[in-house]
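Undergrad: Here's a sequence, model it:
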Amino acid sequence: MKAALIAGLRRFSARVPFVSRVLQRYFARPLGRYPRPLGSEIKAVADVLHSGRWNMTSGQAHLRLESEFAAYIGVPHAVAVNTGGMALQMSMRALGFRAGHEVVLQVDTCSATAFAVMNAGCTPIFADISPETFMLPRTLGALAGPDTRGLIATHMWGNPENMAAVANLGASHGLTIIEDACLALGARSNGRMAGANGKVGIFSFGCIKPIQGGEGGMIVTHDEALARELRSLRHWGDRTLDFGVRDTTQLAWNGRMSEIVAAVVSEQLKGYPRYLRDLRDMLADFQHFLENVDGMELVLGSGTSVEDCAFTQVVVRLDERKLKRKKAELRELLAAEGIGTWHANFEAIPSLSFFKNETWRDWILLNLARAAQNYRSDFPVHQEVYDHSGIGIAKMHFASPWRFRSLKSKLGAVLAKR
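TA: Purely as a prediction, here's the structure:
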């Protein structure tokens, strides 16, 4: 009896991987699983494993991915790296930013952006946000000083930043534009794909990003010389592969992407256009739904329609007076219905203990007075959005038609309880 039971369990366990693969392959989309396979990821990984070429120095998967990614964004050069944060650091180093140089970014993007600036040896300077787009303001005022070299434009939650306005800001202050499109693959601004507008565009394939490889990042650029320098920097600065000489000229990192990650991301990219089209169709429906709700409207950044956005999180502007309830109360009611929400922005980066307790002084050695003044500033527009006027709805509610129908039904019921 015991032997028969053990044999039965073994037969069952042997079938589990097969059943799991079938469920993932054919039911991930209708059930709304995210992240989910968008191509033949398992076969692509198996091909890399069987090739014996798992590392960027010998494999070909990253070269295919770079070519495909550059074509999708509409730029001549793409450089695969191990994370989006590393992509930011490498870009600043390759662009010639040095210790003491300042980089302006919005105050309520992810803290990883500020840390990438600091890990590149530079000083982050924070800007309050625009009440219209929830992104960079239309003027930098005194934020740009004599040592300011860069401006990071972040397409928050996949909504497009106004890159024409950002370009004007950069030109008026002599700043190099770094386009943070980590959350915005497929979004459009200024008639181009997000990432194709600045000196470099940065993408990530990590947690909650539009397409995922477990980790991984990409840098895109129109500048061939800059692309060569970036490829060198991802190999600890060694110039053998791209310049034909075994030498290093500046401090660098190991920024290499594994071939396994490259294979996964390449397959994700192949299925992404259809996935994004389906997502936008649901958001067009949701926008129409909100048109009948007094006090809620879909935020598109500088976009003119849902076709401009990537919707890594769905951002809604609230008018508490018209809704006749506070944002905090609305979030509680939605949570009770199983609807996951967050803020339309992150907390202000200077409010984190690293800045509040002045631990940053251990790492920033120049222009301390200017940095300290900036970090102690008030950021009133950010605070208004965080406390009252901005709410984010988790992307999982738009991952399948049935989840989306449930969202609309539950949201309608909550709003009817005024």
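Undergrad: going forward, measure contacts and count neighbours with C-alpha atoms only.
TA: OK.
Undergrad: Who are the contact partners of residue 201?
TA: 178, 179, 180, 181, 194, 195, 219, 220, 221 (CA atoms under 8 Å, 6 or more residues apart in numbering).
Undergrad: Out of those, the closest to residue 383 would be?
TA: Of all the contacts of residue 201, residue 383 sits closest to residue 180, with 22.1 Å by CA to CA.
Undergrad: Ramachandran coordinates for that closest one?
TA: Note on residue 180: its backbone torsions stand at phi -90, psi 100 [degrees, to the nearest 10].
Undergrad: Next one: it relative to residue 198, how far apart?
TA: 9 Å (CA to CA, to the nearest Å).
Undergrad: out of those two, which sits in the busier spot?
TA: Higher neighbour count among residue 180 and residue 198: residue 180, with 26 against 23, using other CA atoms under 10 Å.
Undergrad: Closest one of the contacts of residue 201 to residue 48?
TA: Nearest to residue 48 among the contacts of residue 201, counting by CA to CA, is residue 219 at 22.7 Å.
Undergrad: any idea where the helices of the stretch 201-350 of the chain begin and end?
TA: 224-233, 240-243, 259-290, 320-323, 327-336 (DSSP state H, counting those that start in this stretch).
Undergrad: Please settle this for me: is residue 37 part of a strand?
TA: No: per DSSP: H, G, I helix; E, B strand; the rest coil, residue 37 lies outside any strand segment and is coil.
Undergrad: That one touches residue 266, doesn't it?
TA: No: taking contacts as CA atoms under 8 Å, residue 37 lies outside contact range of residue 266: 11.3 Å.
Undergrad: So for these two, which sits in the more crowded spot?
TA: Here residue 37 and residue 266 are compared on neighbour count by other CA under 10 Å; more neighbours surround residue 266, at 27 against 21.
Undergrad: Grab the nearest non-local neighbour of the more buried one.
TA: Once flanking residues are discounted, residue 266 sits nearest to residue 65: 5.3 Å by CA to CA, 6 or more residues apart in numbering.
Undergrad: need the strands for this structure, in chain order.
TA: With DSSP state E, the ranges of strands along the chain come out as 77-81, 102-106, 123-127, 148-154, 176-180, 188-189, 192-193, 200-204, 217-221, 296-298, 314-318, 341-343, 390-393.
Undergrad: hmm, back to that, nearest to residue 121, of the helices of the stretch 201-350 of the chain?
TA: Of the helices of the stretch 201-350 of the chain, nearest to residue 121 by CA to CA is helix 224-233, at 15.0 Å.
Undergrad: Who are the packing partners of that closest one?
TA: Counting contacts by 3 or more CA pairs under 8 Å, 6 or more residues apart in numbering; DSSP states H and E, helix 224-233 is packed against strand 77-81, helix 84-94, helix 240-243.
Undergrad: ok, and what's touching that helix?
TA: Against helix 224-233 from outside (CA under 8 Å, 6+ apart): 76-79, 90-91, 94-95, 220-221, 238-239, 241-243, 252-255.
Undergrad: Same list (the helices of the stretch 201-350 of the chain) but as JSON lines, adding distance to residue 122 and mean pLDDT.
TA: Below are the helices of the stretch 201-350 of the chain laid out as JSON lines (distance: least, CA to CA, whole Å; pLDDT from 0 to 100):
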{"stretch": "helix 224-233", "distance to residue 122": "17", "mean pLDDT": "96"}
{"stretch": "helix 240-243", "distance to residue 122": "26", "mean pLDDT": "88"}
{"stretch": "helix 259-290", "distance to residue 122": "29", "mean pLDDT": "96"}
{"stretch": "helix 320-323", "distance to residue 122": "40", "mean pLDDT": "96"}
{"stretch": "helix 327-336", "distance to residue 122": "37", "mean pLDDT": "96"}
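Undergrad: mind putting these in CSV, distance to residue 298 included?
TA: Formatted as CSV, those follow (distance: least, CA to CA, whole Å):
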stretch, distance to residue 298
helix 224-233, 37
helix 240-243, 46
helix 259-290, 6
helix 320-323, 15
helix 327-336, 15
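Undergrad: so which of the ones you listed gets nearest residue 190?
TA: Per CA to CA, nearest to residue 190 of the helices of the stretch 201-350 of the chain: helix 259-290, 19.1 Å.
Undergrad: Next, the buried residues of the closest one.
TA: For helix 259-290, a neighbour-count test (16 or more other CA atoms under 10 Å) marks 259-270, 272, 275-276, 279-280, 282-283, 286-287, 290 as buried.
Undergrad: what's the offset of that helix from the middle of its chain?
TA: Relative to its chain's centre, helix 259-290 lies at 14 Å (CA atoms, centre = their mean, to the nearest Å).
Undergrad: when you give positions from now on, start the count at 823
TA: Sure, I'll start counting at 823 from here, so that last one is helix 1081-1112.
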